[in-house]
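# Coordinates for the following, if possible.
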Amino acid sequence: MYEIGISNPGLQILYAYLNDATPAAAERAYCPWPDMAALMRAYDVPLWTLETIDPVAGCDLWGFTLPHELTYTNVLEMLDLAGVPIHAAERGEGQPIVLGGGPAVADPWPLAPFFEAFFMGEVEHRLDEIVEALAAPSRALRLQALAAVPGMWLPGVSERPAQRQVFTAFSRTPPVLRPVVPVLEAVHDRAIVEVMRGCTAGCRFCQAGMWYRPVRERPVDLVVEAAERLLAETGCDEVSLLSLSSCDYSGIEEALTRIRALRPGVRVSLPSLRIDSAAEALGGFAADQRGSVTLAPEAGTQELRDAINKGVDDAQFEEAVRATFGGGFTGLKLYFMIGLPGETDADVAGIARMAATAVRLAKEIGRGRARLSVAVSSYVPKAHTPFQLEPFAGAAVLRHRQQLLRDAMPRHVRINFHDVAASLVEATLARGGPGSDRLVEEAWRRGARFDGWSEHFHFATWEGAAAATGIELGAAELRSDETLPWESAVDAVVTRGFLADEQARASRGELTDDCRDGSCAACGVCGSGVEMDVLP
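Presented below is the predicted three-dimensional model:
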């Protein structure tokens with residue numbers, strides 16, 4: 001929906017570059033909320049673009065950024081509202097070519113029949129080629145030209161997997177300096193500066209950490225200049241320093257200090273913090289910073305954190321919590337997962353013990369003003385990660401462990417759990433192969449929309465769709481001696497051998513160095529012009 005989509009920095013990058021640097025005109029459309037969609041159908045009003053109020057069906061190319069699996073039914077909803085056939089095979093001359101991108105295309109099969117093409121990886125340096133391909137005189141020739149763009153995979157056409165693309169000029173390129181400003185309150189109403197792309201911490205559960213390798217950092221001068229320009233252009237009074245792990249940015253302390261000195265009252269937020277690098281940066285906020293901080297220990301015991309390569313010990317956790325409340329923050333949110341490979345009930349009980357430690361420190365340092373909450377999600381194995389072959393824990397195990405945590409959690413700690421049923425659907429689609437699209441289509445035809453929103457997710461709809469298509473929810477029978485479904489579509493550059501080695505190290509509880517400051521783990525990404533680019 002609009003409030004989410006307008007806050008997506010990736011869409012801002014695409015919009016700015018296409019309109020400012022290519023002959024193309026890029027316009028936007030978001031998924032209407034269900035009541036609006038019902039009215040549009042009742043009055044036969046097709047989905048339109050916000051810029052010119054033209055029907056989306058008249059565009060040459062329709063690009064969808066696909067952030068996660070629970071958005072898939074919205075793709076079919078938008079296609080149908082626009083009057084575009086939902087199956088690519090049914091589209092003809094004069095109808096848009098539908099292109100998918102974003103992190104969820106790490107496994108494109110659950111959406112493959114609905115798209116003409118998918119782009120794998122970071123697209124900034126390929127946008128000119130995509131626009132040029134659209135200049136071909138016919139639909140068939142346009143598709144032929146798109147198929148030749150590096151990173152592009154066309155279902156049923158491409159003969160080999162598409163290699164994930166890495167934007168190697170990131171460090172030399174400024175962020176978007178004149179973003180589209182929302183016309184109503186958005187989920188993130190702040191100026192955004194992407195300071196770093198990629199992460200090499202090597203958390204074995206994390207798809208983004210594998211998909212966006214290697215690390216590339218923007219110079220501090222470029223970050224501060226962008227923040228100053230964005231504050232003037234947008235009217236915001238808060239700057240968000242964005243990355244997968246903002247405290248790992250080499251220039252974080254200098255950037256924080258200089259941005260806060262730009263004008264009185266400017267707030268700086270770090271939306272993503274790793275505990276082992278958070279304490280020092282949190283201390284740099286100074287005592288007048290307010291609001292809340294999210295820290296992600298991920299697992300409740302040292303043994304399980306070592307297995308997932310989190311490598312955070314209890315002393316580091318306590319130091320980060322002390323820095324949070326000592327730095328003036330009044331709220332702390334702790335993020336954990338349950339259902340990780342090798343997890344036991346004892347590991348889950350450890351989450352409650354860590355929460356109790358945070359409660360004690362909140363009372364000691366926060367003087368009664370501090371608030372603590374715990375968010376617990378269900379782990380879903382993802383493609384192109386060391387855990388890609390691991391089984392999903394299953395609904396019974398996850399519900400048992402949720403109850404264990406409810407019983408063990410200290411009083412006055414607010415705890416939120418991710419819906420197990422939604423995780424079951426996500427797990428089914430995250431590693432779906434050819435044919436998994438039938439589940440998405442059947443669920444949409446039965447009324448599934450906005451599945452990432454609890455008020456619109458109806459598990460009975462997905463159960464019915466699964467029964468109708470013969471697909472077992474949550475099941476994935478995968479073997480290491482086979483080509484995995486997603487490997488036939490995308491070469492993520494991270495090698496299968498590296499992922500298998502990491503899975504083996506996880507079973508032994510062995511840590512792997514972050515290659516920024518440790519030995520190279522030989523993941524396969526660097527080489528042929530792609531390399532880590534960090535500040536000196």
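
# quick one: Gly251 and Val534 touch, right?
No: using Cβ atoms under 8 Å, Gly251 is not in contact with Val534; the gap is 9.7 Å. Placement of C-beta: from N, CA and C, glycine included.

# Tell me which of these two has more neighbours.
A side-by-side neighbour count of Gly251 and Val534, using other Cβ atoms under 10 Å, places Gly251 first with 21 against 18.

# quick one, what contacts the more buried one?
Gly251 makes contact with 195, 217, 219-220, 223, 535 under the criterion Cβ atoms under 8 Å, 6 or more residues apart in numbering.

# For those residues, give me JSON lines that also has secondary structure, neighbour count and pLDDT.
JSON lines is the format used below for these (DSSP: H, G, I helix; E, B strand; the rest coil; neighbours: other Cβ atoms under 10 Å; pLDDT from 0 to 100):
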{"residue": "Val195", "secondary structure": "coil", "neighbour count": "26", "pLDDT": "97"}
{"residue": "Glu217", "secondary structure": "strand", "neighbour count": "24", "pLDDT": "98"}
{"residue": "Pro219", "secondary structure": "coil", "neighbour count": "16", "pLDDT": "98"}
{"residue": "Val220", "secondary structure": "helix", "neighbour count": "20", "pLDDT": "98"}
{"residue": "Val223", "secondary structure": "helix", "neighbour count": "26", "pLDDT": "98"}
{"residue": "Leu535", "secondary structure": "coil", "neighbour count": "13", "pLDDT": "95"}
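
# In the protein, where is pLDDT below threshold?
Low-confidence segments of the chain, defined by pLDDT under 70: 272, 277-290, 368.

# Can you tell me the closest non-neighbouring residue to the residue nearest the centre of it?
Of all residues in the chain, the one closest to the mean position by Cα atoms, centre = their mean is Pro67, 5.5 Å from it. Of all residues not flanking Pro67 in the chain, Gly102 sits nearest, at 5.6 Å (Cβ to Cβ, 6 or more residues apart in numbering).

# how far away is that neighbour from Phe118?
9 Å (Cβ to Cβ, to the nearest Å).

# Give the buried residues for stretch 80-97.
For stretch 80-97, burial by neighbour count (16 or more other Cβ atoms under 10 Å) applies to 80-82, 84-86, 88, 91, 95-97.

# Which ones among these map onto strands?
Among the buried residues of stretch 80-97, the residues falling in strands (DSSP state E) are Ile97.

# Columns distance to Arg411 on top of the buried residues of stretch 80-97, output as a markdown table?
Below are those laid out as a markdown table (distance: Cβ to Cβ, whole Å):
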| residue | distance to Arg411 |
| --- | --- |
| Asp80 | 49 |
| Leu81 | 47 |
| Ala82 | 51 |
| Val84 | 53 |
| Pro85 | 56 |
| Ile86 | 50 |
| Ala88 | 54 |
| Arg91 | 58 |
| Gln95 | 59 |
| Pro96 | 55 |
| Ile97 | 56 |
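
# Do you have the strands of the stretch 101-250 of the chain handy? List them.
Using DSSP state E, counting those that start in this stretch, the strands of the stretch 101-250 of the chain run over residues 117-119, 152-153, 162-163, 191-194, 196-197, 216-217, 238-242.

# Which one, of those, ends up nearest to Lys333?
Comparing the strands of the stretch 101-250 of the chain against Lys333 with Cβ to Cβ, the closest turns out to be strand 238-242 (16.2 Å).

# ok now the next helix or strand after that closest one, how far from the chain's centre?
Using DSSP states H and E, the helix or strand that follows strand 238-242 in sequence is helix 252-260. Centroid separation between helix 252-260 and its chain, computed with Cα atoms, centre = their mean, to the nearest Å, is 26 Å.

# helices or strands next to helix 252-260 in the packing?
helix 220-234, strand 238-242, strand 267-269, helix 275-283 (3 or more Cβ pairs under 8 Å, 6 or more residues apart in numbering; DSSP states H and E).

# Just checking: what are the partner strands of the shortest one?
For strand 267-269, the paired strands and their directions (DSSP bridges) are strand 238-242 (parallel).

# can you give me how far the partner strand is from the chain middle?
Its chain's C-alpha centre and that of strand 238-242 lie 17 Å apart, by Cα atoms, centre = their mean.

# separation between the residue nearest to Gln144 when sequence neighbours are not counted and Ala21?
Nearest residue to Gln144, sequence neighbours excluded (Cβ to Cβ, 6+ apart): Ala136, at 7.3 Å. Using Cβ to Cβ, Ala136 is found at 20 Å from Ala21.
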